[in-house]
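# no sequence on hand, only this structure:
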């Protein structure tokens, strides 16, 4: 566990009680001690998926830290009396870490997304974070990787000497990948989902006001209703039903 970042359980999963700036600073400060570990960023969908999929649940439980990448998770922690809890979104954490590492010389390896996205991402990082040191960009094949292919990918990550290993494969693939290679990778792995696409500009993110109001899921649903309606409508409804006690009946926890 990262010193001074406490966790509290939400529906059985330990979630960090922190804010974006504190989390990024403390991870950077301790990164040399965190090698071989991994951090996940869980939203409502990930939290609900961990309740129905034992393999995925174990991947979340084995993480060094689960960040609350979803406004509703932060709200639930606030209702339990942890007013300092804020949303720590993977894409924002990624960009904040790039900016902060520009001053420390810590290095990054990016694994995921398409070659086109990574090419656009490389240009965007060079322009926006000129001091950030990215020592590897890798777009894995779309097919299921063999054991030999995964070992080769891990070797490339380790040979790069990167401190941060950003995994942008999407859930649940990225969490399962990180769990499989916990202790093998020499850097700290972090699963950031569509974080590469958002920074590269190849995917549109919800406006800031929608993110602030916890409506990023609605924006994504409207972008692709055929594929995402079940993810958001069903899982969000299940989450609301399970978390109602936190909002109406549960007493605040004492420190």
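Structure received. Predicted, not measured: the structure shown is a model, and the values here were computed from it.
# quick one: the strands in the stretch 101-250 of the chain?
107-112, 133-138, 164-168, 188-191 (DSSP state E, counting those that start in this stretch).
# show me which residues of the second one are buried.
It refers to strand 133-138. Buried residues in strand 133-138, defined by neighbour count with 16 or more other C-beta atoms under 10 Å: 133-137. For every residue, glycine as well, the C-beta is placed using N, CA and C.
# residue 138: what's it in contact with?
By C-beta atoms under 8 Å, 6 or more residues apart in numbering, residue 138 lies in contact with 109-112, 118, 153, 156.
# from residue 24, how far out is the residue nearest to residue 8 when sequence neighbours are not counted?
For residue 8, ignoring the flanking residues on the chain, the nearest one in space by C-beta to C-beta, 6 or more residues apart in numbering is residue 17 at 5.6 Å. Noted for residue 17: a distance of 15 Å to residue 24, by C-beta to C-beta, to the nearest Å.
# same deal with residue 73?
Counting by C-beta to C-beta, the gap from residue 73 to residue 24 is 18 Å.
# likewise for residue 35?
Separation of residue 35 from residue 24 (C-beta to C-beta) stands at 17 Å.
# what's the answer for residue 139, then?
To residue 24, residue 139 is 26 Å away according to C-beta to C-beta.
# of the two, who's got more company?
Per other C-beta atoms under 10 Å, whichever of residue 139 and residue 24 has more neighbours is residue 24, with 21 against 17.
# wait, that one sits on residue 95?
No - at 9.7 Å, residue 24 does not count as touching residue 95 under the criterion of C-beta atoms under 8 Å.
# overlap in contacts of those two?
When contacts are counted by C-beta under 8 Å, 6+ apart, the set common to residue 24 and residue 95 is empty.
# state the three-state secondary structure for residue 83.
coil (DSSP: H, G, I helix; E, B strand; the rest coil).
# so who does it touch?
Contact analysis of residue 83 by C-beta under 8 Å, 6+ apart lists nothing.
# and it, how close does it get to residue 216?
If you go by C-beta to C-beta, the gap between residue 83 and residue 216 works out to 22 Å.
# look up how far residue 244 lies from residue 42.
For residue 42 relative to residue 244 (C-beta to C-beta), the value is 20 Å.
# what do you get for residue 214?
Using C-beta to C-beta, we find residue 214 at a distance of 16 Å from residue 244.
# neighbour-wise, which of the two wins?
A direct count of neighbours by other C-beta under 10 Å for residue 214 and residue 244 places residue 214 higher, at 16 against 11.
# surely that one is in contact with residue 72?
Yes - between residue 214 and residue 72 there is a contact at 5.7 Å, judged by C-beta under 8 Å.
# and residue 160, how many residues sit next to it?
Number of residues near residue 160 (other C-beta under 10 Å) recorded here: 18.
# next: residue 116.
11.
# ok, now which ones touch the closest residue to it other than its chain neighbours?
Once flanking residues are discounted, residue 116 sits nearest to residue 202: 7.0 Å by C-beta to C-beta, 6+ apart. Contacts for residue 202 were tallied using C-beta under 8 Å, 6+ apart; they are 113-114, 116-117, 120.
# look at residue 202 and report its pLDDT.
Residue 202 is assigned 93 on the pLDDT scale.
# give me the contact list for stretch 99-115.
So stretch 99-115 is contacted by 24-25, 28, 31, 97-98, 118, 121, 129-140, 153, 157, 160-170, 174, 187, 196-197, 200, 202 (C-beta under 8 Å, 6+ apart).
# could you pick out the buried ones from the residues you listed?
Neighbour counting by 16+ other C-beta under 10 Å classes 24, 28, 31, 97-98, 118, 121, 129, 132-137, 139-140, 153, 157, 160, 162-169, 174, 187, 196-197, 200, 202 among those as buried.
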